[in-house]
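**Student:** got a structure for you, letters missing:
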């Protein structure tokens, strides 16, 4: 039910209108005391919270219009519909004066009661609609203001285009990035990442606003005429759609990535330079290692010949010749490992489905002398998986891992090395080479896979320090991973993950 505030001085007319309203299920509200006192009308009306205010005309048209103006000027009552109730139908001129003065309607109390009630009810419905509209409009205005604040304070550039591709709005960050580069044609002057001019029709914002395309991760060069140094812009554009799929424009999000772009260019330049230096170094290592193989073989052979052909040689001389032979042999193995490191980076992998049972068996057989000398036992679990890889290179991997496990055995216990499969992620295989040896300290878990890195001196354990470096490079060429788990005291577990076939 609607609340109808009656501001009437005629008790009989007021009772008549109250009866009509109650019969129509409305709620008449009696006027507050001294409601007509100057300066208090709007406050008293607002306190009554009416849906409609009905004035009597007992005080005359001019006085009534004065009250109407007072309510219309007050913020709290300006949207309350105002009516007048006359005992009989007023003259046309009087009615027109009342309506021109701000009243919404004038009813005559001698009209049929249902008609009077209907006209008041219509005014109450209008009041409800206006209040609803105001609430929704206020909420929309608040939401719009909030979006405007977000739009203007965003740290990335934002540009909105209309359905014709015209830029109609830029935020503060966008204005800062673009400067004067937004054009009347609709978009800003840019070139693609290779420096070619971008036509208006192919600009991502135009394509989003006009054709409804979504463009992600595009890069463009800003080319200010007053600057010889271009800036790089990263941009994404999406169409703006109304309900029903109608395209109403487009939104571009962009940021200045000049510093990032310059850094990437510098990194590419340095990577290219490093590649050249690496090629030169590898060529030098390969050539030097290859050229040293023959002389080292001769040194070793001649030392052995001198020892065997001179049984009566002095002990000191024999000792020196044996040291020459041992060091020549050590240097030969180092040269061979260096050649393998270089080859790993250059060789073409012959990939096939490799049964790792066969791979590990081949690696084991190649280490028979070392296994026998260390009295080691290599236990290979049944059912190792099949990997996608180069058979010979994978044999090298497991030969290095088995060799390391045996070399770094503990002197106070038997040497046992276990090879078994572990749970793997989809599309991969996972094999573990586990030993009970000296272990790897936690701070060395990454460093041991570098070239020439050793945990012990050559006098303690023989080796070149290249084995795990070769393992890392071979596994990396296959797109796999290798890592170690160890507490540094009770052995190590080397994990190898390779692609499945």
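**Tutor:** Great, that's in hand. Note that this is a predicted model, so its numbers are computed, not measured.
**Student:** Could you report the neighbour count for residue 412?
**Tutor:** By other CB atoms under 10 Å, the residues close to residue 412 number 5. (Each C-beta comes from the backbone N, C-alpha and C, glycine too.)
**Student:** wait, I meant residue 400
**Tutor:** 24.
**Student:** burial count for the residue lying closest to it once chain neighbours are set aside?
**Tutor:** Leaving aside its chain neighbours, residue 400 sits nearest to residue 467 (4.1 Å; criterion: CB to CB, 6 or more residues apart in numbering). Counted with other CB under 10 Å, the neighbours of residue 467 add up to 22.
**Student:** same thing with residue 81?
**Tutor:** Residue 81 has 21 nearby residues by other CB under 10 Å.
**Student:** Do I have it right that it meets residue 123?
**Tutor:** Yes - at 4.6 Å, residue 81 counts as touching residue 123 under the criterion of CB atoms under 8 Å.
**Student:** which residues are common contacts for these two?
**Tutor:** Listed as contacting both residue 81 and residue 123 by CB atoms under 8 Å, 6 or more residues apart in numbering are 52, 104.
**Student:** sec struct for the residue of the chain most remote from its centre, please.
**Tutor:** Centroid-distance maximum for the chain: residue 312 at 79.0 Å, with CA atoms, centre = their mean. Classification of residue 312 by DSSP: H, G, I helix; E, B strand; the rest coil places it in coil.
**Student:** repeat for residue 484
**Tutor:** With three-state DSSP as the criterion, residue 484 reads strand.
**Student:** hang on, the earlier thing: how far away is the residue farthest from the centre of the chain from residue 213?
**Tutor:** Distance of residue 312 to residue 213, given as CB to CB, to the nearest Å: 93 Å.
**Student:** Can you classify the closest residue in space to residue 391 that isn't next to it in sequence by secondary structure?
**Tutor:** With sequence-adjacent residues excluded and distances taken as CB to CB, 6+ apart, residue 391 is closest to residue 354, at 5.0 Å. The three-state assignment at residue 354 reads strand, by three-state DSSP.
**Student:** what bridges to residue 354?
**Tutor:** residue 387 (DSSP bridges).
**Student:** so it touches residue 388, yeah?
**Tutor:** Yes - Residue 354 is in contact with residue 388 according to CB under 8 Å; the separation is 7.4 Å.
**Student:** The two: which is more packed in?
**Tutor:** Neighbours per residue (other CB under 10 Å) separate residue 354 from residue 388, with residue 354 holding more: 22 against 19.
**Student:** Check the gap between that one and residue 420 for me.
**Tutor:** 17 Å.
**Student:** And residue 271, by the same measure?
**Tutor:** From residue 271 to residue 420 the distance is 39 Å (CB to CB).
**Student:** Specify the residue ranges that define each domain of this structure.
**Tutor:** For the chain, automatic domain parsing gives the domain ranges 3-148, 155-256, 264-343, 347-499.
**Student:** quick one: residue 174 is in a helix?
**Tutor:** Yes - according to three-state DSSP, residue 174 belongs to a helix.
**Student:** Can you report how many residues lie near it?
**Tutor:** Around residue 174 there are 24 residues (other CB under 10 Å).
**Student:** In contact with the closest residue to it other than its chain neighbours, which residues?
**Tutor:** Using CB to CB, 6+ apart and skipping the chain neighbours, the partner closest in space to residue 174 is residue 157 (3.4 Å). Residues near residue 157 by CB under 8 Å, 6+ apart: 170-171, 173-174, 176-178, 252-256.
**Student:** Likewise for residue 90?
**Tutor:** 57, 98, 106, 108.
**Student:** On the three-state scheme, the third one is what?
**Tutor:** This points to residue 106. Residue 106 is classified as strand under three-state DSSP.
**Student:** Beta-bridge partners for it, please?
**Tutor:** So, taking DSSP bridges as the rule, residue 106 has residue 84 as bridge partners.
**Student:** That one and residue 97 touch, don't they?
**Tutor:** No - counting by CB under 8 Å, residue 106 does not reach residue 97; the two are 9.9 Å apart.
**Student:** In terms of neighbours, single out the busier of the two.
**Tutor:** residue 106 (20 against 17).
**Student:** number of nearby residues for residue 269?
**Tutor:** 10.
**Student:** pLDDT on the helix or strand it falls within, on average?
**Tutor:** If you go by DSSP states H and E, residue 269 is part of helix 258-309. For helix 258-309, the mean per-residue pLDDT is 75.
**Student:** so what's the residue nearest to residue 174 bridging to?
**Tutor:** With DSSP bridges as the rule, residue 157 is bridged to residue 254.
**Student:** Quick check, pLDDT for it.
**Tutor:** On the pLDDT scale, residue 157 gets 88.
**Student:** Give me the distance between it and residue 253.
**Tutor:** From residue 157 over to residue 253 (counting by CB to CB), the distance is 7 Å.
**Student:** For the contacts of residue 90, which entry has the maximal number of neighbours?
**Tutor:** residue 98 (24 neighbours).
**Student:** Now do the helix or strand that that one is a member of: which elements does it pack against?
**Tutor:** Assigned by DSSP H and E, residue 98 belongs to helix 92-100. Using 3 or more CB pairs under 8 Å, 6 or more residues apart in numbering; DSSP states H and E as the contact test, the elements touching helix 92-100 are helix 61-73, strand 105-108.
**Student:** immediately after the lowest-mean-pLDDT helix or strand in the chain, which helix or strand?
**Tutor:** The weakest-scoring helix or strand in the chain, judged by mean pLDDT, DSSP states H and E, is strand 190-192 (a mean of 59). The C-terminal neighbour of strand 190-192 among helices and strands, as given by DSSP H and E, is helix 204-211.
**Student:** what's the closest of the contacts of residue 90 to residue 63?
**Tutor:** Lowest distance from residue 63 to the contacts of residue 90 (CB to CB) belongs to residue 57, with 9.0 Å.
**Student:** okay, now the closest residue to that closest one other than its chain neighbours: neighbour count?
**Tutor:** Of all residues not flanking residue 57 in the chain, residue 86 sits nearest, at 5.2 Å (CB to CB, 6+ apart). The number of residues packed around residue 86, counting by other CB under 10 Å, is 21.
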